[in-house]
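[1] how would this look folded up:
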Amino acid sequence: MRRLRRDAFKVMPWKNGGGETAEIAVFPPQAGMDDFGWRLSMARVAADGPFSCFEGIDRTLTILDGAGLDLTVEGVRHILTPDSAPLRFPGDRPASADLLAGPVTDLNVMTRRGRYSHAVRRERLEAGQCLSVSAGFGFFLCQAGSFEAVGARP
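    Sure, this is the predicted structure:
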């Protein structure tokens, strides 16, 4: 089990140059924007505009803070807020966003279609509550408070 700290994230420009993203984790290590198998990142969205196109990638977007986004993917509108469920969509389809009321921070999870898959869910845990993970590995983002991670190795 490894703890990833925000000050160690790699900050880089968006693929389309419209902003910056903080890369949390990528596989394989040191992969670029066009050759990763999977990627986790956080971005600060400060202006309306198009999303970067990622050929062959499935993408899930989760709003972490700010009022939210009016995200249009292939002509279908989705309102995303910090209380809404994560939205999964093909990263190679036309997408653009309008801010609802000021900048937002979002979490992006992306996997190369046909090679990797992912699931993102938002959980609100109470003191003493347990959460189990059945996947081979997982990432947890604690937005407020703290949590204890206990893992077993085979």
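[2] correct me, but residue 64 touches residue 108?
    No - using C-beta atoms under 8 Å, residue 64 makes no contact with residue 108, being 10.6 Å away. For every residue, glycine as well, the C-beta is placed using N, CA and C.
[3] between the two, which one's more packed in?
    Neighbour comparison, residue 64 and residue 108: the larger count goes to residue 108, with 22 against 15 (by other C-beta atoms under 10 Å).
[4] and that one, that one's in a strand?
    Yes - the assignment for residue 108 (DSSP: H, G, I helix; E, B strand; the rest coil) places it in a strand.
[5] what secondary structure does residue 7 sit in?
    Going by three-state DSSP: residue 7 is helix.
[6] Which parts of this structure are strands?
    10-13, 20-27, 38-45, 49-50, 57-65, 69-73, 76-80, 87-90, 95-99, 104-112 (DSSP state E).
[7] Quick one, which of those gets closest to residue 126.
    Ranking the strands of the chain by distance to residue 126, with C-beta to C-beta as the measure, places strand 57-65 first at 20.2 Å.
[8] What sits closest to the residue nearest the centre of the chain if chain neighbours are left out?
    Taking C-alpha atoms, centre = their mean as the criterion, residue 108 is the residue nearest the geometric centre of the chain, at 1.8 Å. Residue nearest to residue 108 in three dimensions, not counting chain neighbours: residue 41, with 4.8 Å by C-beta to C-beta, 6 or more residues apart in numbering.
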